[in-house]
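Peer 1: got a predicted structure here, sequence first:
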Amino acid sequence: MPPLLNRRDFLLTAGTSAALLPMHHIFADTLAEELTAPTTRPDWERLKQAFILDQDTTYMNVGTTGSMPKHVLAAFGHDNRLIARNPRDRLGNTSGRLEYARGRLASSFGCGADEIVISGNTTYGLTLTLNGLTLEAGDVILTTDQEHPGLLAPLQLLADRKAIEVIKVPLPAGENQTPDDYTERFRQAILAYGERVKLIAFSAPTFTTGTMLPIRSLVDLLVDTYNEYGWPIHSLVDGAHATGMFDLDLNALGIDFFCGAGHKWQCGPGGTGIWYLRNQVSDNNPIPLPRFYPTVSDYYREDRTPPAPNGERGEYDIGNFLQPHGNPNYPAAMALTNVCDFWRQIGRDNIERYAVHGLGLQMKQRITEYWGDESLYSPSKHSTLLSALTTFTPFTRNRDDKDISDLFVSKLYDDYGYIVRNTATPITHRGVTETEYPIRISTHLFHDAKDVQGVFDAMKDLSERFEHGVVAETPTLVSHESDG
Ligand SMILES: Cc1ncc(COP(=O)(O)O)c(C=O)c1O
């Protein structure tokens, strides 16, 4: 029982809390119980039945947004109805309930409850992180050339409003990358800009090529830099795609800030995210914590100014300081917490093995067998760089032709029923950058080997039709400018 709930509160929470109720109370049958019994081999075939995805199509664009499991959706609707029926009674003690939810989320992500905030989405977390840091004109933030507008926009705002210099490190693309390629590029950039560098900010995985950047190696680079030169450089990870795809241990990774989506691979409701702020100095990361101010807050008053961390914050609960700001979307926060519990019960390590190292790798292998190594933008040879996103082009020419790529995506849906997307990916070759438009496929826990084979067969057939000029030339209007 959560500490801050009375009986009435409990009844509201119980409608959504998988941890407090036997699953069959919120599930139509015993499926959830069976599916989440501790096992190293979940029944993936049956797990599909936990989702209401349209059976007439195959949804392989989880990277843009996911799909809530049935029981989470039911409890979400139930909570919304309770609040609509009796708003007055239901508004009390939301901060107590959110504190309880944060505790449950912390155990899913390998960190303390004081280090977790339920954010609006990834973009909120990124924006609030960048605005909370005490950066000054002339400071440098290193980022990459593969970032999403959710990170690029707040970076550009800092550049325009505070004269922060934002440097984009060009990343490699293709199947043959190694983790050292990444650390080496950041090392060179840190040495070039020296102690002006205050932050590195990057996505892992990137939404463009689906590369999982080597987070721990990059943090090791920052720790080495601190030990050697005394420069405290902090780290911000845009993990929009990491939550729900990987078995994350945020403390062990040693990063300072992590912002992930609740609604993509984690399959929670829209407008939710996981925001992590490191709140301890340990062997995982001995670099002193940065001074940090809340940007959106109703907690910041004369007597509650956050202490400037002198290496550690001690008992200061930064998560609790940042969480309350006006009236929250309580049903959404609880739905996120419930779906995270569901993932934990299935086993986040099982999900990662299945979606990333199983189906994701199979997808990449099928593609290289047929279209060759050159067709892949995602790395496939180094397991730490793998993700459940696969990006490739079936075209040997015209890789920079957006219309052709858009047409491929829309035909794959119209003629074969597979829902994927394409991305605008900057590729730098010998100092020259061009934008290319790879196709991006997501493989997740509700897919199986038949889906991988099915989308591969469809793409093979479609690419042959393109080659023979059988596909109508008129591009359908599909715009993918900023959705993830
Ligand atoms: C890498 C990346 N960062 C940020 C975002 C924005 O995520 P959200 O919708 O959770 O703000 C996306 C996706 O849309 C993304 O792919």
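Peer 2: Structure's in. What do you need?
Peer 1: how much space between Ile346 and the ligand?
Peer 2: 22 Å (Cβ to the nearest ligand atom, to the nearest Å). (Glycine included, C-beta is placed from N, CA and C.)
Peer 1: count of neighbours near that residue?
Peer 2: Residues within reach of Ile346, counting by other Cβ atoms under 10 Å, total 23.
Peer 1: ok, for it, nearest residue in space, not its chain neighbours?
Peer 2: Of all residues not flanking Ile346 in the chain, Pro42 sits nearest, at 5.3 Å (Cβ to Cβ, 6 or more residues apart in numbering).
Peer 1: so which strand or helix has that neighbour?
Peer 2: According to DSSP states H and E, Pro42 maps onto no helix or strand at all.
Peer 1: assign the nearest residue to Ala242 once chain neighbours are set aside to helix, strand or coil.
Peer 2: Using Cβ to Cβ, 6+ apart and skipping residues adjacent in sequence, the residue nearest Ala242 is Gly260, 5.6 Å away. The assignment at Gly260 comes out as strand when based on DSSP: H, G, I helix; E, B strand; the rest coil.
Peer 1: switch to numbering from 836
Peer 2: Renumbered: residue one is now 836, and that last one reads Gly1095.
Peer 1: who is Gly1095 paired with across the strands?
Peer 2: Gly1095 forms beta bridges with Ile1109, as assigned by DSSP bridges.
Peer 1: so who does it touch?
Peer 2: Thr957, Gly960, Gly1074, Ala1075, Ala1077, Thr1078, Gly1079, Gln1101, Gly1108, Ile1109, Trp1110, Tyr1111 (Cβ atoms under 8 Å, 6 or more residues apart in numbering).
Peer 1: near the ligand, which of these show up?
Peer 2: Subset of the contacts of Gly1095 in contact with the ligand: Thr957, Ala1075, Gly1108, counting by Cβ under 6 Å from any ligand atom.
Peer 1: now the second one: closest residue in space, sequence neighbours ignored.
Peer 2: So the one you mean is Ala1075. Thr957 is the one closest to Ala1075 (Cβ to Cβ, 6+ apart), at 4.1 Å.
Peer 1: what do you get for Lys1237?
Peer 2: Using Cβ to Cβ, 6+ apart, the closest residue to Lys1237 is Tyr1272 (5.1 Å).
Peer 1: just Ile953 next, same as before
Peer 2: Closest to Ile953 by Cβ to Cβ, 6+ apart is Ala1168, at 4.8 Å.
Peer 1: touching, the one you found and Thr1107? I think so.
Peer 2: Yes: between Ala1168 and Thr1107 a contact is recorded at 6.9 Å, counting by Cβ atoms under 8 Å.
Peer 1: any shared contact partners between these two?
Peer 2: Joint contacts of Ala1168 and Thr1107 (Cβ under 8 Å, 6+ apart) are Ile953.
Peer 1: the longest helix in the protein is where?
Peer 2: Longest helix in the chain, counting residues (DSSP state H): helix 1284-1302.
Peer 1: re earlier: which ones among the contacts of Gly1095 map onto helices?
Peer 2: Thr957, Gly960.
Peer 1: same list, the contacts of Gly1095, but as a markdown table with neighbour count and pLDDT please.
Peer 2: What follows is the contacts of Gly1095, written out as a markdown table (neighbours: other Cβ atoms under 10 Å; pLDDT from 0 to 100):
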| residue | neighbour count | pLDDT |
| --- | --- | --- |
| Thr957 | 30 | 98 |
| Gly960 | 28 | 98 |
| Gly1074 | 33 | 98 |
| Ala1075 | 29 | 98 |
| Ala1077 | 29 | 98 |
| Thr1078 | 31 | 98 |
| Gly1079 | 30 | 98 |
| Gln1101 | 27 | 98 |
| Gly1108 | 27 | 98 |
| Ile1109 | 32 | 98 |
| Trp1110 | 24 | 98 |
| Tyr1111 | 31 | 98 |
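Peer 1: now, which of the contacts of Gly1095 sits nearest Pro1040?
Peer 2: Nearest to Pro1040, judged by Cβ to Cβ, of the contacts of Gly1095 is Ala1077 at 6.7 Å.
Peer 1: surely the closest one and Leu1083 touch.
Peer 2: Yes: applying Cβ under 8 Å as the test, Ala1077 and Leu1083 come out as touching, 6.1 Å apart.
Peer 1: give me the low-pLDDT residue ranges for this structure?
Peer 2: 836-875, 924-928, 1139-1151, 1307-1319 (pLDDT under 70).
Peer 1: residues in it within reach of the ligand, list them.
Peer 2: 956-958, 983, 985, 1038, 1042, 1073, 1075-1076, 1096, 1108, 1318-1319.
Peer 1: what is the nearest of those to Met1198?
Peer 2: Using Cβ to Cβ, the residues of the chain next to the ligand come closest to Met1198 at His1076, 15.3 Å.
Peer 1: who's in contact with that closest one?
Peer 2: Going by Cβ under 8 Å, 6+ apart, the list of residues near His1076 reads Gly898, Ser1038, Pro1040, Phe1042, Gly1045, Ala1096, Lys1099, Trp1100, Ser1222, Leu1224, Gly1319.
Peer 1: may I ask which two of those are separated the most?
Peer 2: The widest separation within the contacts of His1076 (Cβ to Cβ) is 14.9 Å, between Gly1045 and Ala1096.
Peer 1: check which helices and strands whichever strand or helix holds Leu1247 sits against.
Peer 2: Using DSSP H and E, Leu1247 sits in helix 1237-1251. If you count contacts as 3 or more Cβ pairs under 8 Å, 6 or more residues apart in numbering; DSSP states H and E, helix 1237-1251 packs onto strand 1253-1254, strand 1256-1257, strand 1274-1277, helix 1284-1302.
Peer 1: list the buried residues for it?
Peer 2: Lys1237, Ile1239, Ser1240, Asp1241, Leu1242, Phe1243, Val1244, Lys1246, Leu1247, Tyr1248, Tyr1251 (16 or more other Cβ atoms under 10 Å).
Peer 1: likewise stretch 1205-1225?
Peer 2: Judged by neighbour count (16+ other Cβ under 10 Å), stretch 1205-1225 contains these buried residues: 1206, 1210-1215, 1217, 1220-1225.
Peer 1: run the chain-centre distance for that stretch.
Peer 2: Relative to the chain's own centre, stretch 1205-1225 is displaced by 19 Å; criterion: Cα atoms, centre = their mean, to the nearest Å.
Peer 1: and if you look at stretch 1265-1276?
Peer 2: 22 Å.
Peer 1: A strand includes Asn1155, no?
Peer 2: No: Asn1155: not assigned to a strand; according to three-state DSSP it is helix.
Peer 1: how about the contacts made by it?
Peer 2: Glu934, Arg937, Asp949.
Peer 1: just the residues you listed now: which is nearest Phe911?
Peer 2: The closest of these to Phe911 turns out to be Arg937 (Cβ to Cβ; 18.2 Å).
Peer 1: next one: the helix or strand containing Gln1180 to chain centre, how far?
Peer 2: Using DSSP H and E, Gln1180 falls within helix 1165-1181. From the chain centre to the centre of helix 1165-1181 is a distance of 15 Å (Cα atoms, centre = their mean).
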